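Asks: Below are the sequence and a predicted model for it; my questions follow.
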Amino acid sequence: GGGEVQLVLLDHGLYRDLPRAFALTYSRLWHGVVLGDADAIREAAEEMGVGQYYPLLAAMLTARPWTDILRAGDTGDARALHEKGTAADKKQIA
């Protein structure tokens, strides 16, 4: 408060280079998530060895229910992936 400047350092731990094939698959996964494209999410998740649990993986990555991820694709509005902070929203995520 009071207009004070605060410096915050974030330490994410150790980083490592990801194999190019994994990075491309992971990028396709996130592309599918943002577009709400269930087929793209499934295909990328299968390449990663997740199989039938692709809705769970997408939900874990976004902390959003699978229905919200699909809604982002149906409406063309990625704001469906934003946390709303309501009690109902928190209940769906928990």
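Replies: On my side now, so go ahead.

Asks: Any figure for the gap between the spatially most central residue of the chain and residue 18?
Replies: Residue closest to the average C-alpha location in the chain (CA atoms, centre = their mean): residue 62, at 3.1 Å. Taking CB to CB, to the nearest Å as the measure, residue 62 falls 20 Å from residue 18. No exception for glycine: its C-beta is placed from N, CA and C like everyone else's.

Asks: Also residue 61?
Replies: For residue 61 relative to residue 18 (CB to CB), the value is 15 Å.

Asks: can you give me the helices for this structure?
Replies: Assigned by DSSP state H, the chain shows helices spanning 20-35, 38-47, 54-62, 66-75, 87-93.

Asks: Now render those helices as TSV, adding mean pLDDT.
Replies: Below are the helices of the chain laid out as TSV (pLDDT from 0 to 100):
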stretch	mean pLDDT
helix 20-35	94
helix 38-47	96
helix 54-62	93
helix 66-75	80
helix 87-93	64
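
Asks: Take these and lay them out in TSV including distance to residue 14.
Replies: Output for these, formatted as TSV (distance: least, CB to CB, whole Å):
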stretch	distance to residue 14
helix 20-35	17
helix 38-47	25
helix 54-62	21
helix 66-75	30
helix 87-93	29
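
Asks: Among those helices, which comes closest to residue 4?
Replies: Minimum separation from residue 4 across these (CB to CB) falls at helix 87-93, 31.7 Å.

Asks: Please list all residues in contact with the residue nearest to residue 45 when sequence neighbours are not counted.
Replies: Using CB to CB, 6 or more residues apart in numbering and skipping the chain neighbours, the partner closest in space to residue 45 is residue 54 (3.5 Å). Residue 54 is in contact with 41, 42, 45, 46, counting by CB atoms under 8 Å, 6 or more residues apart in numbering.

Asks: Lovely, talk soon.
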